[in-house]
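Q: Here's my sequence, what's the structure:
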Amino acid sequence: MKNSALILFLMLILLFGCTERKHQKAAASLHFSLNNSMLQNPVALIHTEDCYNLFFRYSVDGGLKQWGKARSKDLVHWNYNLVNVAFGNVGGQNIKTVVVDRNQTSAYSSESPALIAFSTSANQFGKLELLYSADNGLIWKQDEVNEILLADFYEPVQDVKVIWNDDLQKWIMLTLSGYEVRFYSSDNLINWEYLNRFGDDVYLKTGEWTSLDFFPMEVEGSHEIKWILFISADSGSPNEGSGVQYFVGDFDGFVYQASHNKPKWIDHGSDLYQAVVLSDYLSENKPPVLIGSIYNSIYEKFNINSDSLIEFSLARQLTLKEEFNDYYLIAVPVNTIDTIEKEKEKIAKTELTDGKQVGKKIQLPVRIDLNFSVNNRLYLGMAEAFGAKIKNSKGEELILGYQTERRYFYIAEPSIQKEFPDSWDGFNYAPYVTNDALMDMTLIIDKNSAELFAMNGLISLSRKFNFNGESAQLQLFGEKGTVSLQEGTITEFRK
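A: Residues are numbered from 1 along each chain as shown. Okay, the predicted model is just below:
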């Protein structure tokens, strides 16, 4: 009787689909978070039944780790009813990735494409366990017969990524262990053949490599295909702490060869971590989008911002461009946030100096788009720094801007600089020298975070910050000189 009631409840949830949004946070937010549980990290993002499905790890009271699921039509409004998919002993599994068997290559998909999840074993290195779902991830069953035993693992498998390679008509699996990524192939998701490994020649290895992702992208303006490898590390990012490094290279189905063995970082703010990209976005005719945790290991070290919610980053759309004789990922906020009810205010052209600044109260969440004239090549008389200062109700301040003499974008938190003068200054920066006449900045400010995008997405910095409420004080500034704000827009969202 109890099982019948549970199944009926799950069927009702499924009927509501992507549109039901019970258990939302009381106040508006552009970012995915939970009310009563602690988010850990995203596990997989897939698209099925005309919905985005986000699988993630979280912990409940007592620190027990679970894995959950949420659904969305637009990557902004999420269905929180489907948080718990841990039935029976499945909740104790260390789920690492989820795939859709669209081509029905496995026994799990004999009647219709199934979802298959891969879990690592806590007791045996190199052992992977399989779970499958025939109802789009509501009810999961563990394969008690088949298990995957990968040879020669002397460290735990930290992460797993499985993708379908349409050219080879095979599954490709990546495992992350220590500073090594191994590649395997399979026809049926159960029997795997070792192909090669990556990591020996990586220039920089610091901290612990914790998660990975792997996906193809077409270079903008050409038909050239490159393969992107994400590797998250708990330390070693450009501004200390956690981050996501990426490699751009070629994959022939057997060997992955990076163009450069010195990694780049998808975000210089150090607060984007363990990111996942929409799997099979090409087969679903969707743009590649990224979601990561807004988290930094250094916060635990200094007990900073421990009272604010852990949330995931705003979904970002990715583009691969060839610039400066190299390949770079461009990341911008997904355009679906523009469909949310909003109030938009334009800022007239103005000169920002020490004596003339623009200030106003803003309601969160908010998007601030700014275009500055930087046509003064010698920077004579130009402000040494310009951008935005945002204060919360406690008077704590976050500064986002550009430093013209040293030529970098930055996020600074003066209160941290005062509290930890000899250990960590909380200052994040991304070097960039521009030859353009205009410099663009887009700021996404939510209740627990700030994200800066500049130069059409080439630069991004993310920062965890508690604004302590639904409003904040905004000030657009220019310091020690003058900068011309050509145009600006402030968009306040109402979810």
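Q: Based on its surroundings, how many neighbours for residue 168?
A: As a burial measure, residue 168 scores 13 neighbours (other CB atoms under 10 Å). Yep, even glycine has a C-beta here, placed from its N, CA and C like the rest.
Q: May I have the phi/psi pair for it?
A: According to degrees, to the nearest 10, the main-chain angles of residue 168 amount to phi -90, psi -10.
Q: For the residue lying closest to it once chain neighbours are set aside, give its distance to residue 217.
A: Distances taken as CB to CB, 6 or more residues apart in numbering place residue 253 nearest to residue 168, at 4.7 Å, with adjacent residues excluded. Residue 253 sits 17 Å away from residue 217, taking CB to CB, to the nearest Å as the criterion.
Q: Which one's more surrounded, these two?
A: Using other CB under 10 Å, the more surrounded residue of residue 253 and residue 217 is residue 217, with 20 against 13.
Q: From the chain's centroid, how far away is the strand or helix carrying residue 300?
A: Following DSSP states H and E, the helix or strand that holds residue 300 is helix 297-302. From the chain centre to the centre of helix 297-302 is a distance of 19 Å (CA atoms, centre = their mean, to the nearest Å).
Q: rewinding a little: and the pLDDT for the residue nearest to residue 168?
A: With respect to pLDDT, residue 253 scores 94.
Q: and if you look at residue 386?
A: For residue 386, the model assigns a pLDDT of 96.
Q: and if you look at residue 323?
A: So, for residue 323, pLDDT stands at 86.
Q: In three-state terms, label the residue nearest to residue 168 for me.
A: coil (DSSP: H, G, I helix; E, B strand; the rest coil).
Q: residue ranges for the strands of the stretch 101-250 of the chain, please.
A: 115-120, 127-133, 141-149, 159-165, 170-177, 180-186, 193-198, 209-218, 225-233, 243-251 (DSSP state E, counting those that start in this stretch).
Q: Disregarding residues adjacent in the polypeptide, which is nearest to residue 142?
A: residue 131 (5.0 Å).
Q: Hmm, I typed the wrong one, I wanted residue 143.
A: residue 130 (4.2 Å).
Q: was I right about that neighbour contacting residue 141?
A: No. Applying CB atoms under 8 Å as the test, residue 130 and residue 141 come out as separate, 9.6 Å apart.
Q: out of the two, which sits in the busier spot?
A: Applying other CB under 10 Å to residue 130 and residue 141 shows that residue 130 carries more neighbours, namely 20 against 15.
Q: Just the local confidence number for the more buried one, please.
A: 93.
Q: what does residue 29 give?
A: What the model reports for residue 29 is a pLDDT of 80.
Q: is it true that it lies in a strand?
A: No. Read with three-state DSSP, residue 29 is coil and lies in no strand.
Q: Counting neighbours, what do you get for it?
A: 23.
Q: Poorly predicted segments of this structure, please.
A: Low-confidence segments of the chain, defined by pLDDT under 70: 1-28, 62, 80-93, 304-309, 376-379, 417, 419-423, 495.
Q: Please, which helix or strand holds the residue nearest the centre of it?
A: The centroid of the chain falls nearest to residue 292 when counting by CA atoms, centre = their mean (2.2 Å). For residue 292, the element it lies in under DSSP H and E is strand 289-294.
Q: Can you pull out the residues in contact with that strand?
A: 31-32, 39-42, 45, 54, 75, 244, 266-267, 271-278, 281, 310-313, 315-318, 331, 334, 448-449, 462, 464 (CB atoms under 8 Å, 6 or more residues apart in numbering).
Q: which residues of this structure fall in helices?
A: 2-16, 297-302, 414-419 (DSSP state H).
Q: Identify each buried residue in the second one, please.
A: It stands for helix 297-302. 297, 298, 299 (16 or more other CB atoms under 10 Å).
Q: a markdown table for the residues you listed, including distance to residue 64?
A: Formatted as a markdown table, the buried residues of helix 297-302 follow (distance: CB to CB, whole Å):
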| residue | distance to residue 64 |
| --- | --- |
| 297 | 22 |
| 298 | 26 |
| 299 | 22 |
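Q: Looking at the residues you listed, spot the one nearest residue 407.
A: residue 298 (25.1 Å; CB to CB).
Q: any idea how far the closest one lies from residue 464?
A: For residue 298, the distance to residue 464 - CB to CB - is 10 Å.
Q: And for residue 63?
A: According to CB to CB, residue 63 stands 21 Å off from residue 464.
Q: between these two, who's got more neighbours?
A: For residue 63 versus residue 464, the count of surrounding residues by other CB under 10 Å is larger for residue 464: 22 against 7.
Q: Need the nearest residue in space to residue 431, chain neighbours excluded.
A: Counting by CB to CB, 6+ apart, the residue nearest residue 431 is residue 408, at 4.7 Å.
Q: Quick check: the one you found touching residue 430?
A: Yes. Between residue 408 and residue 430 there is a contact at 6.0 Å, judged by CB under 8 Å.
Q: which one of these two has more residues nearby?
A: Taking other CB under 10 Å, residue 408 and residue 430 do not tie; residue 430 has more neighbours (22 against 17).
Q: Pull the number of nearby residues for the residue lying closest to the more buried one once chain neighbours are set aside.
A: The shortest distance from residue 430 to any non-neighbouring residue, by CB to CB, 6+ apart, is to residue 268 (3.6 Å). A count of nearby residues for residue 268, using other CB under 10 Å, gives 26.
Q: Please name the residues that touch residue 268.
A: Contacts of residue 268 by CB under 8 Å, 6+ apart are 237, 238, 239, 409, 428, 429, 430, 459, 460, 461.
Q: wait, what's in contact with the closest residue to the fifth one other than its chain neighbours?
A: When you say that, I think you mean residue 428. Once flanking residues are discounted, residue 428 sits nearest to residue 239: 4.1 Å by CB to CB, 6+ apart. By CB under 8 Å, 6+ apart, the residues touching residue 239 are 268, 269, 270, 427, 428, 429.
Q: Quick check: of the residues you listed, which lies closest to residue 437?
A: residue 429 (22.9 Å).
Q: Was I right to think the closest one contacts residue 410?
A: Yes. Here residue 429 reaches residue 410: they are 4.1 Å apart, a contact under CB under 8 Å.
Q: between those two, what contacts are shared?
A: 403, 461.
Q: Compare those two (neighbour count), which wins?
A: Neighbour totals were compared for residue 429 and residue 410, and residue 410 leads with 22 against 19 (other CB under 10 Å).
Q: which residues pair with that one across the strands?
A: Assessed by DSSP bridges, residue 410 has beta-bridge partners residue 401, residue 429.
Q: Any figure for the gap between residue 188 and residue 120?
A: 20 Å.
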